[in-house]
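Participant: Next one to model:
(chains A, B and C, ligands or ions: 4)
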Amino acid sequence: MEKPLATLRSATGVPTGRLAVWWLLASEVVIFGGLLGAYLMFRLGHPEWANAAAVTNTWIGATNTFVLLTSSFTAVLAHQAAEKGDGVKAANYLFMTIGGALLFLIIKSFEWYYEISHGYTITANGFWSFYYTAAGIHAAHVIAGAIIMGFIAVAARKGKELQRVELVGIYWHFVDVVWIFLFPLLYIAK
Amino acid sequence: MLERLVQQASSYAADIDGLILLVLVLVGFWFLLAEGMFFWLIWKFRERPGGRSEYITGKEKHLKRWISIPHALVLVCDVFIIIASVRVWYDVKQHLPQADETIRVTGQQWAWVFTHPGPDGDLDTPDDIQTVDDLYVEVDKTYHFQLESRDVLHSFSVPVFRLKQDAVPGRRITGWFRPTVTGTFDIQCAEICGIGHGVMAGRIHVQDAGTMAQWVTANSSTAAQ
Amino acid sequence: MAQAATEIHHEAHGHDAHAHHGPQGILKYIWSTDHKMIAMQYLFTGMFMGIVGGFMAYVFRMQLAFPGVSVPLFGVVSPGEYNALVTNHGSIMIFWVAMPVLIAAFGNYLIPLMIGADDMVFPRINRLSFQIFLVSVLMILASLFVSGGGFGGAWTSYPPLSAQSQYNLTSIGATMWLIAVALEFVAFLLGGINFIVTLMNARAPGMKAYDIPVVAWMIVIASILFMLSVGPLIAGAIMLLFDQTIGTGFFDPARGGDPILWQHLFWFFGHPEVYVVLLPAVGIVIDIVATFARKKLFGYKIMIFTAVATGVLSFFVWAHHQFIAGIDPRMANIFTVTTLLISVPIAELLFVMIATLYGGNIKLNTPMLWALSFIAEFLIGGVTGIFLGASGADIYLHDTYFVLAHFHYTFFPIAIIGTFAGFTYWFPKMFGKMMDDRLGKIHFWGTIIPFNMIFIPLFVLGLGGQHRRIYNFQNFPELAAMQPFRVLATVSLIIMLLFQLVFFWNCIKSWRGGAKAGRNPWKANTLEWTTESPPPHGNWPRDAMPRVYRGPYEYSVPGREDDYWPQNLPS
Ligand code: HEA
Ligand code: HEA
Ligand code: CUA
Ligand SMILES: [Cu+2]
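Facilitator: Numbers count the residues shown, from 1 in each chain, chains lettered A, B, ... in the order given. Ligands and ions are numbered 1, 2, ... in the order given. I've put the predicted structure just below:
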């Protein structure tokens, strides 16, 4: 399908795709904002949740933070390659980012498996409900990002739609930033 | 104004009605002004054959006043309403006058359970009197009520008192009222609480001191066992 | 009535078909990415849902007026069914009528045409958003027929009632309701991003920010407002869904949760939401008023700025729905202040509309009657909001029929009057034919008079202390006496619903045999009137896309022979 003229116009000077991603992220910010705001209110009202938080494994959380940050870095490299018009290189960096996403998810599943098998399930208490809900929604974003990146990488390899490499990169940084908020709130605050 | 529709039977009912009247006067004035202006303009500038509209941009100073003066005046009206409203709110909800007696009101699907402190005047003692859907109180006495819920949200509402407060499971919310007229009045549940919400009706019996004392003695003996 | 609507449905589809290229057969409509086709899909889905919501109102109003009778076309209404009807009436009217029609249908139809673009910037995301919306429609309709019945915990869905099936007794219905609402939100988030970016980026050359017609501005401001307020509720919906299905206790006080948290999340969205639907309707009305008064707006920028101010303020008023819900009573004072302040920008919006009439040459045809009646009726809804915003008065009025009448006096003008205004105004553009003005006026008076006759009695009942969501007031001795008011409201509703047949008849008749509309039957300035009616795929020939030279409201400019001056005419 040929693109409508509307998509090609840019009255603000900002490319349409980038503008859309920023608005998308604005809507995401309020979703996570609401969730974390609610969590903070509860946390302040329930000092005893610290006992539950003490069970979380800060080291695993830190490792995952590191994994995500690294994947964000490769996303930046992919963007740079795309800027230069090198689709193959961009695709390779994107695949590395996807690898980071998968590693993150694998670590997460082991962590959850361990916690759930010790009885810390989502229904165990309020802290664990938030723990799984917030991290779960985040993980859903990681999965979605990885899938989208897969499609974009395949296209980029053929040199098509290279501007999308940047867009998915912006999204990926956001997913990263959300984790940067989750990590101290769920793991460090004990 | 409101007492024509619903009797005033508590110490603060008249305050709330007064506030409603004040709002009615202030916004009523603006409402009539705006509607009056509106219909007058429609009539005055109705289509004339071959007529032509004026070209008014609304940018000129003397025209902007048509918006900016009402703007300021509406703000002034707002301030009046806010002051009056906060005063009534403070008296009814924020400030608890000294209680003569404290009762407990518990909502559940789909009935009201009332706990009267009994002859000793203290709740949670063996002589408490429990009633379902019928609340007995004495006229001209200040009551505190402790509002609770066993399951979902309910709302304890006595229209003649102008009293309404949601009951929230897990919380005990304290409020007050002071009946000023004897008689029997409706209690409604004002928050949807499931299929029985429509039948969650209670009655409040406001009695004079003598009848009330009789009621307490008559019921406390049975309740004590 | 339902039959009439489906007929229009088919015809509209058949009608637009020739303008479209792509897959054949029924798929052609489902897979169309043309913004006009998607707009029509939203419009007719929304109208269909309007009939569903109106039918529900008819059923439960019959029960209120004549408790216990077997309602024709429905049967005897049980208490559980009553709650489900009220809940779904409210939800459908707001989320599946007002939103899709005012924002999605008019937004999709008008934004590209008004800014001189050939489509939305992301046509396929646009289609996806409609498809998600369609799933949500099917979900909410299906939820009425599952075992246990539809959800009956009010459109506000307060937990613990909504969270635990042992309380609401409709475990499947409640979950389907929640998922349907959540899907609808997702559809409108996607659609909203499209609207915002389209307006920002796809404007015709020469079109500056203040050359955009107000209605396009309003729809986009509303989309932003929606986007920024709905997030916390989406998070809340996920939490509620987990409470319902896997047994978490986010809102369960017995397990450390807090039911009031939901109320905060809901109303943080819920109040901005009422302005989300208000603003597009205001935009439609002001465009029509300018056209038929042949007047420049009295303060274009004031309109835009007050709309933004309303939007900003609306984030700070939510707790006025919770004055007596058990929040800290001191908070109520703050929210009284913010709530009353909102009267200032909204008053200004209305004053600008009224002042625009000054010096005009007002033509009272059907669209103009609808537009003007919006102003007259919405004023009632607006000023009654002030009684509720005054916390002291709300102690008495909260959850009475006064609240109910207040918001029907806002919602009805917005969702029904605003839609009819827009529909009759843009009908010539959408279908290429003029509507019958005489039938239109009959329909207008047959709707507007009964409307007031329905809801003025409800104000009285509310002041008399009648509470909402009660299926039979005979259980309350103090309320039983006011039965004549209830009967009056119900009878008026039936009259109003019958008059809607005139509307459908008018649509069919005009579509079949109405006079040809031509490009610009109203002699209006905005760009959509510079193309054919109905506009072809791509809106204008690709080599003749419009260019913009002036603002949209240059009517009756002195020294010009014509009393209008289209935006695309070089000086
Ligand atoms: C589109 C719909 C819409 C709109 C526009 C409004 C507009 C307003 N609403 Fe309304 N409201 C609802 C829909 C809407 N509302 C709904 C659906 C509910 C119930 C939800 C539920 O519980 O189910 C509700 C409930 C509701 C409540 C809670 C009542 C309760 O449950 O106890 C309150 C309380 O403050 C309130 C206030 C207001 C105010 C102050 C405005 C203001 O925006 C109005 C401003 C306009 C004017 C004031 C008129 C113009 C001004 C003048 C003519 C100047 C003169 C004015 C002064 C001097 C002040 N509304
Ligand atoms: C947009 C919002 C909207 C609209 C338009 C309406 C329209 C109507 N409503 Fe509704 N109502 C609500 C939103 C709305 N309502 C909400 C939010 C609630 C609260 C729910 C709750 O408590 O949880 C409620 C609750 C509610 C109650 C309270 C029940 C109770 O608490 O027990 C009542 C009672 O009379 C009522 C009556 C009516 C009536 C008679 C109409 C009539 O005006 C209806 C007439 C119908 C039509 C005229 C439609 C005909 C359709 C067409 C002609 C097709 C064309 C379509 C378009 C133009 C879109 N409504
Ligand atoms: Cu209890 Cu409604
Ligand atoms: Cu509100």
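Participant: Now for the residue of chain B found nearest chain A: which residues touch it?
Facilitator: Residue nearest to chain A within chain B (CB to the nearest CB): B:Gly170, separated by 12.2 Å. Placement of C-beta: from N, CA and C, glycine included. By CB atoms under 8 Å, 6 or more residues apart in numbering or on different chains, the contact set of B:Gly170 is C:Pro253, C:Ala254, C:Asp258, C:Pro259.
Participant: and the spatially most central residue of chain B, what does it touch?
Facilitator: Centrality entry for chain B: nearest residue to the mean C-alpha point is B:Arg162, 3.8 Å, by CA atoms, centre = their mean. If a contact means CB under 8 Å, 6+ apart, then B:Arg162 has B:Gln8, B:Ser10, B:Tyr12, B:Ala13, B:Ile16, B:Asp17, B:Val92, C:Ile395, C:Tyr396 as its contacts.
Participant: Show the buried residues in those.
Facilitator: Members of these that pass the buried threshold by neighbour count (16 or more other CB atoms under 10 Å in any protein chain shown) are listed as B:Gln8, B:Ser10, B:Tyr12, B:Ala13, B:Ile16, B:Asp17, B:Val92, C:Ile395, C:Tyr396.
Participant: Quick check: the nearest residue to the fourth one once chain neighbours are set aside vs B:Asp91, distance?
Facilitator: Taking CB to CB, 6 or more residues apart in numbering or on different chains, and ignoring the residues beside it in sequence, B:Ala13 has B:Arg162 as its nearest neighbour in space, at 4.5 Å. With distances taken as CB to CB, to the nearest Å, B:Arg162 is found 12 Å from B:Asp91.
Participant: Which ones among the buried ones among the contacts of B:Arg162 also lie next to ligand 3?
Facilitator: Taking CB under 6 Å from any ligand atom as the test, ligand 3 is in contact with none of the buried ones among the contacts of B:Arg162.
Participant: Tell me, how many residues neighbour the residue of the stretch 451-571 of chain C found nearest chain B?
Facilitator: Evaluated by CB to the nearest CB, the stretch 451-571 of chain C has C:Gly465 as its residue closest to chain B, separated by 3.2 Å. Counted with other CB atoms under 10 Å in any protein chain shown, the burial measure for C:Gly465 works out to 29 neighbours.
Participant: same deal with C:Ile125?
Facilitator: The burial metric for C:Ile125, expressed as a neighbour count using other CB under 10 Å, is 16.
Participant: Same check on C:Arg486?
Facilitator: Residues within reach of C:Arg486, counting by other CB under 10 Å, total 22.
Participant: That one and ligand 2, how far apart?
Facilitator: Distance of C:Arg486 to ligand 2, given as CB to the nearest ligand atom, to the nearest Å: 8 Å.
Participant: same check, this time on A:Leu25
Facilitator: Here the distance between A:Leu25 and ligand 2 works out to 31 Å (CB to the nearest ligand atom).
Participant: wouldn't that residue be in contact with A:Tyr171 here?
Facilitator: Yes - look at A:Leu25 against A:Tyr171 with CB atoms under 8 Å: they come within range, at 7.1 Å.
Participant: These two: which has the busier surroundings?
Facilitator: Remark: of A:Leu25 and A:Tyr171, A:Tyr171 carries more neighbours, 20 against 15, as counted by other CB under 10 Å.
Participant: hang on, isn't the more buried one packed against A:Ala20?
Facilitator: No - with contacts counted by CB under 8 Å, A:Tyr171 stays clear of A:Ala20, the gap being 10.7 Å.
Participant: Could you find the closest non-adjacent residue to the residue of chain A found nearest ligand 1?
Facilitator: Nearest residue of chain A to ligand 1 (CB to the nearest ligand atom) works out as A:Gly34 at 19.9 Å. Closest residue in space to A:Gly34, ignoring its immediate chain neighbours: C:Pro232 at 2.5 Å, by CB to CB, 6+ apart.
Participant: before we move on, what about A:Val165?
Facilitator: In space, A:Val165 comes closest to A:Ala82 once its chain neighbours are excluded; the distance is 3.8 Å by CB to CB, 6+ apart.
Participant: Quick check: pLDDT value at C:Gln3.
Facilitator: pLDDT recorded at C:Gln3 is 40.
Participant: likewise the one 4 residues further on?
Facilitator: Reading off the per-residue confidence, C:Glu7 sits at a pLDDT of 39.
Participant: dump the residue contacts of the residue of chain A closest to ligand 1.
Facilitator: For A:Gly34, the set of contacting residues under the criterion of CB under 8 Å, 6+ apart consists of C:Gly231, C:Pro232, C:Leu233, C:Ile234, C:Ala235, C:Gly236, C:Leu265, C:Phe268.
Participant: likewise A:Lys84?
Facilitator: Shown here is A:Lys84, which makes no contacts under the criterion CB under 8 Å, 6+ apart.
Participant: do you know how far it is from ligand 2?
Facilitator: To ligand 2, A:Lys84 is 53 Å away according to CB to the nearest ligand atom.
Participant: which regions of the chain sit below the pLDDT cut-off?
Facilitator: In the absence of a named chain, chain A is used. Counting by pLDDT under 70, the low-confidence segments of chain A come to A:1-2.
Participant: hmm, I had chain C in mind actually
Facilitator: Within chain C, the segments meeting pLDDT under 70 span C:1-27.
Participant: Contact residues of it facing ligand 2?
Facilitator: When proximity is defined as CB under 6 Å from any ligand atom, chain C approaches ligand 2 at C:46-47, C:50-51, C:54, C:57, C:60-61, C:86-87, C:89-90, C:93-94, C:97-98, C:101, C:154-155, C:404, C:408, C:411-412, C:415-416, C:419-420, C:454, C:468-470, C:493, C:496, C:500, C:503.
Participant: So which of these would count as near ligand 1 as well?
Facilitator: Restricting these to those within reach of ligand 1 (CB under 6 Å from any ligand atom) leaves C:Phe411.
Participant: among the residues of chain C next to ligand 2, which ones are buried?
Facilitator: Using 16+ other CB under 10 Å as the threshold, C:46-47, C:50-51, C:54, C:57, C:60-61, C:86-87, C:89-90, C:93-94, C:97-98, C:101, C:154-155, C:404, C:408, C:411-412, C:415-416, C:419-420, C:454, C:468-470, C:493, C:496, C:500, C:503 are the buried ones among the residues of chain C next to ligand 2.
Participant: Which of the residues you listed fall in helices?
Facilitator: With helices defined by DSSP state H, the entries of these inside them are C:46-47, C:50-51, C:54, C:57, C:60-61, C:86-87, C:89-90, C:404, C:408, C:411, C:419-420, C:454, C:493, C:496, C:500, C:503.
Participant: The residue nearest to A:Gly34 touches C:Trp267, doesn't it?
Facilitator: No - taking CB under 8 Å as the definition, C:Pro232 is not a contact partner of C:Trp267, at 10.2 Å.
Participant: count of residues packed around the residue nearest to A:Gly34?
Facilitator: The burial count for C:Pro232: 22, using other CB under 10 Å.
Participant: Please name the residues that touch it.
Facilitator: Remark: with contacts taken as CB under 8 Å, 6+ apart, C:Pro232 is in contact with A:Val30, A:Ile31, A:Gly33, A:Gly34, A:Leu35, A:Gly37, A:Ala38, C:Leu265, C:Phe268, C:Phe269.
Participant: For residue 57, which non-adjacent residue is closest in space?
Facilitator: Picked chain A for this. In space, not counting the residues next to it along the chain, A:Asn57 is nearest to A:Glu111; the distance is 6.5 Å by CB to CB, 6+ apart.
Participant: that answer is for a different chain, and I need it for chain B
Facilitator: Spatial nearest neighbour of B:Thr57, chain neighbours left out: C:Lys296 (5.8 Å); criterion: CB to CB, 6+ apart.
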